[in-house]
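Engineer: Need a 3D model of the following:
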Amino acid sequence: VQLQASGGGLVQAGGSLRLSCVASGTVLSVNAMGWYRQAPGKERELVAVSSSGGSADYGDSVKGRFTFSRDNAKNTVYLQMNSLKPDDTAVYYCNAKIRSMNDFRMYEYWGQGTQVTVSS
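Structural biologist: Model prediction:
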């Protein structure tokens with residue numbers, strides 16, 4: 001199983017970016033899937049996450065600015081980030097809990113991370 005994230009980059013404060021993450025490989029089903037981020041010198045924190053049939057939970061710092069969505073048929077999640085601030089600068093990681101086709105067990109996976117840099 002692989003999580004492939006894309007969409008990061010450099011943007012000015014107030015701008016927007018859209019991240020995507022797709023789960024591929026021996027995926028039987030995807031349970032929770034979402035985004036976390038880690039800024040230099042800080043701990044990894046929740047950005048947004050949802051279960052397969054539930055609504056998204058957001059980190060307090062992004063509520064009202066970021067919108068999370070998922071396409072279960074494509075095993076893909078998206079993160080629309082608006083009104084970006086320099087404090088949003090971080091590596092954004094995709095995370096998923098996936099039931100494997102191989103042994104029907106649930107495993108947690110992390111993507112490789114995509115850099116988001118917001119200039120002031």
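Engineer: ok now do the residue nearest to the spatial centre of the chain, which residues does it touch?
Structural biologist: Note on the chain: the residue nearest the mean C-alpha position is residue 35, at 2.5 Å, using Cα atoms, centre = their mean. Going by Cβ atoms under 8 Å, 6 or more residues apart in numbering, residue 35 touches 19, 21, 47, 48, 49, 68, 77, 79, 92, 93, 94, 95. Every C-beta, even on glycine, is put in place using the N, C-alpha and C of the backbone.
Engineer: 10 Å instead?
Structural biologist: Applying Cβ atoms under 10 Å, 6 or more residues apart in numbering, we find residue 35 in contact with 5, 19, 21, 46-49, 56, 58-59, 62, 66, 68, 77-79, 81, 92-95, 111, 114.
Engineer: Secondary structure element for it, which one?
Structural biologist: Counting by DSSP states H and E, the element that carries residue 35 is strand 27-38.
Engineer: do the same with residue 10
Structural biologist: Judged by DSSP H and E, residue 10 forms part of strand 9-12.
Engineer: Now that strand: buried residues?
Structural biologist: residue 11 (16 or more other Cβ atoms under 10 Å).
Engineer: Give me the angle between the next helix or strand after it and strand 27-38.
Structural biologist: Sequence order places strand 17-24 as the next helix or strand after strand 9-12, per DSSP H and E. In terms of direction (axes from the mean of the first three to the mean of the last three Cα atoms, to 10 degrees), strand 17-24 departs from strand 27-38 by 150 degrees.
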